[in-house]
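**Student:** All I have is the shape, not the residue letters:
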C-alpha cells in the first residue's frame, strides 16, 4: 500500500513512487501461471515417474508448459535445470500458491482498510 511504502522513503520522493496499475494485471496472471507450472513440475519430479530410465525432465517440463500455459515451451532449452528450488523444496513448491492465498486473505480482512493500525 502507498501508506506502508511511504514509511521507507523520504516524503519528497513519494511522488516518484509508481504503484501498480490495472495494466499490471496481465503480469500478475503470468506470474500466477508460472507458480502453478512450477508447482506441477515439482510434483511431477518428486513422483515415481523420474525412476523410469526413459524419463526426460526437459520433455516433461515442456509437455506441462505446452499443456497448461499461454506461452509455449522453447525447443532446445532446459530452463528447469537453472531452478534449484525444485530440488531443495522436495515436492512442496506448490505451497507458494496456498501461502499467497492466505496472505491475500489476511491482508484483505485485517490490514487493507488501515495498514498502519497497530491495534489490529
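**Tutor:** Thanks, I have the structure now. As the structure is a computational prediction, the values presented were derived from the model and not from experiment.

**Student:** For stretch 110-120, give me every contacting residue.
**Tutor:** The contact list for stretch 110-120 (C-beta atoms under 8 Å, 6 or more residues apart in numbering) reads 1, 3-4, 7. Yep, even glycine has a C-beta here, placed from its N, CA and C like the rest.

**Student:** In the residues you listed, which residue is surrounded by the most others?
**Tutor:** residue 1 (12 neighbours; other C-beta atoms under 10 Å).

**Student:** Who's the closest spatial neighbour of it, skipping the chain neighbours?
**Tutor:** residue 115 (4.8 Å; C-beta to C-beta, 6 or more residues apart in numbering).

**Student:** To which secondary structure element type does residue 53 belong?
**Tutor:** What DSSP: H, G, I helix; E, B strand; the rest coil gives for residue 53 is coil.

**Student:** Let me see the contact set for it.
**Tutor:** Contacts of residue 53 by C-beta under 8 Å, 6+ apart: none found.

**Student:** mind starting the numbering at 38 from now?
**Tutor:** Sure, I'll start numbering at 38, so the last one becomes residue 90.

**Student:** Nearest the geometric middle of the protein, what residue?
**Tutor:** residue 72 (3.9 Å; C-alpha atoms, centre = their mean).

**Student:** Moving C-terminal from the lowest-mean-pLDDT helix or strand in the chain, which element do we reach first?
**Tutor:** Least confident helix or strand of the chain, by mean pLDDT, DSSP states H and E, is helix 122-125 with a mean of 64. Using DSSP states H and E, the helix or strand that follows helix 122-125 in sequence is helix 132-143.

**Student:** and that following helix, what other elements does it pack with?
**Tutor:** helix 61-82 (3 or more C-beta pairs under 8 Å, 6 or more residues apart in numbering; DSSP states H and E).

**Student:** got the angle for the helix it packs on vs helix 132-143?
**Tutor:** Per axes from the mean of the first three to the mean of the last three C-alpha atoms, to 10 degrees, the angle that helix 61-82 makes with helix 132-143 is 140 degrees.

**Student:** now the angle between helix 61-82 and the next helix or strand along the chain from helix 61-82, please.
**Tutor:** Next helix or strand after helix 61-82 toward the C-terminus (DSSP H and E): helix 94-105. Using the same axes, to 10 degrees, the inter-axis angle of helix 94-105 relative to helix 61-82 is 130 degrees.
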